[in-house]
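In: Task: produce atomic coordinates for the following.
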Amino acid sequence: MIPTSAPETTAALRELARHSHAVITEHQDPGGAYPAAPTFSAYRGYAWLRDGSFTAEGISRYGDVASAGRFHDWVDGVLGRRREQVDSLRAATARGETPPNEAMLPTRFTFDGADGSDPWWDFQTDGYGLWLWSVVTHAARHGVSLDRWRAGIDVAVDYLVTFWDRPCYDWWEEHVEHRHVSTLGAIYGGLVAIAPYTSVPVLEVAERIRALVEAEGVQDGHLTKWLGSSAVDGSLPSCVVPFGLVTPDSPTAAATLAKVARDLDVDGGVHRFTADVFYGGGQWILLSALLGWNLAAAGDTAGAWRHLRWIADQVTADGDLPEQVDHHLLHPDSRAEWIARWGSVASPLLWSHGMYLILADELGITAKDA
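Out: Sure, this is the predicted structure:
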């Protein structure tokens, strides 16, 4: 899968994989958390389950069993300490009560596992499904027993089977009033992954998720941003690969990837959604890698390579990968307000580096190939 006609380019792509591993492991907290971005004002000091789980997958694929294991150890400890909170939430639900969003588990944690001290759009369930998928995939790849993370797994499973269908914020911490298809896909993927290793009937919930999305989350043959919408989102390819909410060889998968590419892909860089005003609505490194990953899985190797090369072209002067780039802003007039609020775009973003490692591995580009 590695092109032989451009050895210099291939060497540079391998070097970016090596650098990506170095960036991630250099900034990993001693306790195991992967910070979202070590210098960005709004992300510094926090770790997300969503970002970290994808980053851990890239690190696991790269062969660093210890670093990925420390991340999963950290999540296991954080969730294990939330046992009482989840039991209380489930008991309230059993009594017919609806716990407020503020009482639910957060989407991001401080490195010591606490809630954040500043306001955030915290109620998001996708990260809990994503972590289940990530830890099961890592354990299977490297022959590690899931018993090591059993306490956290049990908490995540109990939380998801109770609250999977509740509206919450999406991957981008927006629209708490909706049920988002990418969130449902992440939960589905996590429950299916953990099904062989739990006595909880998670596959029953997974099938309910699939039926719900088929009924309300498909428009003109493609998956939609949220139930009842007609728009797409750059996160939707995750519902195909890796989460399998729709099978890669299905017409829905093909239509979804085609619609995302048509509406959001410009020259290999992928936008989040057409109405995105965050930093002007740039192209996101991690979404380009996600679409490339899906293309590689679908057999479109040339398309996957297009995205890998585009990502490599976005490195900063320090060789790092940012969160997004501003070549094709969707709403350029909104960029200045975000710079004034939070400073320059986050760089390095560990999730960007982790997703590059995933796509690079999918295409055979690793330091081990040198």
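In: Can you identify each of the helices in the stretch 201-350 of the chain by residue range?
Out: 202-216, 251-264, 285-297, 301-312, 335-342, 350-362 (DSSP state H, counting those that start in this stretch).
In: of these, which approaches Gly152 most closely?
Out: With C-beta to C-beta, the closest approach to Gly152 among the helices of the stretch 201-350 of the chain belongs to helix 202-216: 15.3 Å. (Each C-beta comes from the backbone N, C-alpha and C, glycine too.)
In: And the closest one, what does it pack against?
Out: With contacts taken as 3 or more C-beta pairs under 8 Å, 6 or more residues apart in numbering; DSSP states H and E, helix 202-216 sits against helix 150-163, helix 181-194.
In: sorry, back to before: can you add mean pLDDT and give the helices of the stretch 201-350 of the chain back as TSV?
Out: Formatted as TSV, these follow (pLDDT from 0 to 100):
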stretch	mean pLDDT
helix 202-216	98
helix 251-264	98
helix 285-297	98
helix 301-312	97
helix 335-342	97
helix 350-362	98
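In: Which among these is found nearest to His138?
Out: Of all those, helix 350-362 comes closest under C-beta to C-beta, at 12.4 Å.
In: which residues of this protein fall in strands?
Out: 46-48, 108-110, 218-219, 222-223, 265-266, 269-271, 283-284, 324-325 (DSSP state E).
In: between those, which gets nearest to Gly129?
Out: Closest among the strands of the chain, using C-beta to C-beta: strand 46-48, at 13.3 Å.
In: so where do the helices sit in the stretch 51-200 of the chain?
Out: Going by DSSP H, counting those that start in this stretch, the stretch 51-200 of the chain shows helices at 65-80, 83-94, 126-142, 150-163, 181-194.
In: JSON lines please, covering these and showing mean neighbour count.
Out: Below are those laid out as JSON lines (neighbours: other C-beta atoms under 10 Å):
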{"stretch": "helix 65-80", "mean neighbour count": "21"}
{"stretch": "helix 83-94", "mean neighbour count": "14"}
{"stretch": "helix 126-142", "mean neighbour count": "24"}
{"stretch": "helix 150-163", "mean neighbour count": "21"}
{"stretch": "helix 181-194", "mean neighbour count": "28"}
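In: between those helices, which gets nearest to Ala296?
Out: helix 126-142 (16.5 Å).
In: how far off helix 150-163 does that closest one point, in degrees?
Out: 140 degrees (axes from the mean of the first three to the mean of the last three C-alpha atoms, to 10 degrees).
In: Helix 126-142 versus helix 181-194: what angle between them?
Out: Going by the same axes, to 10 degrees, helix 126-142 makes 40 degrees with helix 181-194.
In: would a markdown table of the helices of the stretch 201-350 of the chain with distance to Ser20 and mean neighbour count be doable?
Out: Output for the helices of the stretch 201-350 of the chain, formatted as a markdown table (distance: least, C-beta to C-beta, whole Å; neighbours: other C-beta atoms under 10 Å):
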| stretch | distance to Ser20 | mean neighbour count |
| --- | --- | --- |
| helix 202-216 | 32 | 17 |
| helix 251-264 | 23 | 19 |
| helix 285-297 | 11 | 26 |
| helix 301-312 | 10 | 20 |
| helix 335-342 | 24 | 13 |
| helix 350-362 | 4 | 27 |
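In: All good on my end, thank you.
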